[in-house]
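Structure of the sequence below:
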Amino acid sequence: MPLDNPPVLLTTRRLNLAVLPPDAAARVLAYHEANREHLGPVSPARPDNFFTHTWWRSRLAQDAEDWRRGLALRLFILSREAPLTAAPVLGSVSLTDIRRGPLQSCEMGFGLDHAHQGQGLMTEAVRAVCDYAFGPMGLHRIQANHLPENHRSAAVLHRLGFTVEGLARELVLIQDRWRDHVLTALLAPRTPAG
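Numbers count the residues shown, from 1 in each chain. Sure, this is the predicted structure:
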């Protein structure tokens, strides 16, 4: 992937998905503060300064650099009902550990504001990111893991065609406990031979 990747903006019927600049730190921080209890039980330990404006300014700058270098793509979910520069953050979808060469794969993670669940927004956002990963990014495989009890994430992945490939025992340290994760993956659609 070239080192001059342009900024990404994906648009769906109801959503914009964008790499946000450092000046959006307050909006991203507000999302995480509002969802501290909702996302905490499924998230690895966070740095002590995670819930600060300074940390998020730095993180968003790093996100842009990671994308420029082809290492990761972290998109924030915004409603199309407000301008990009003012829309509150509703969630995120990330493609990390992007591997090129013979693998052409990545890891996907996602989260949604507790107040916006049950509306199909996560499915809409993840579908758009998968299409982008398999289209312009040219990836072959997207892996996504979830806690066994996380039925909402499992349902999103199932709806989009992800296949369960197994169970990774004690994969991620969450709240001082090594937690098992269900391993799923989605492969790029095959082009018919012609």
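
Mind naming the longest helix for this protein?
Secondary structure of the chain read by DSSP state H shows that its longest helix is helix 53-68.

Any stretches of the chain with poor pLDDT?
Applying pLDDT under 70 to the chain picks out residues 1-6, 191-194.

Which parts of it are helices?
For the chain, the helices defined by DSSP H cover 25-34, 36-39, 53-68, 121-134, 151-159.

For the fourth one, what is the distance to the chain centroid?
Counting by C-alpha atoms, centre = their mean, to the nearest Å, helix 121-134 is centred 9 Å from the centre of its parent chain.

Just the angle for it relative to helix 151-159, thanks.
In terms of direction (axes from the mean of the first three to the mean of the last three C-alpha atoms, to 10 degrees), helix 121-134 departs from helix 151-159 by 50 degrees.

Would you mark the buried spots in helix 121-134?
L121, M122, E124, A125, V126, R127, A128, V129, C130, Y132, A133, F134 (16 or more other C-beta atoms under 10 Å). (Glycine included, C-beta is placed from N, CA and C.)

any chance of the helices of the chain in a markdown table, with distance to R179 too?
Formatted as a markdown table, the helices of the chain follow (distance: least, C-beta to C-beta, whole Å):
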| stretch | distance to R179 |
| --- | --- |
| helix 25-34 | 20 |
| helix 36-39 | 14 |
| helix 53-68 | 24 |
| helix 121-134 | 21 |
| helix 151-159 | 13 |
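
Deepest in the core, which of the ones you listed is it.
helix 121-134 (a mean of 21; mean count of other C-beta atoms under 10 Å).

Which other helices and strands does that one contact?
Packing partners of helix 121-134 (3 or more C-beta pairs under 8 Å, 6 or more residues apart in numbering; DSSP states H and E): strand 9-11, strand 15-18, strand 73-79, strand 89-99, strand 105-112, strand 141-146, helix 151-159.

Can you give the contact residues for that helix?
Helix 121-134 is contacted from outside by 8, 10-15, 17, 73, 75, 77, 90-91, 93, 95, 106, 108, 110, 112, 139-140, 142, 152, 156-157, 159-160, 186, 188-189, using C-beta atoms under 8 Å, 6 or more residues apart in numbering.

any idea of the angle it forms with strand 89-99?
Inter-element angle recorded for helix 121-134 and strand 89-99: 30 degrees (by the same axes, to 10 degrees).

Give me the neighbour count for N16.
Neighbourhood size, N16 [other C-beta atoms under 10 Å]: 22.
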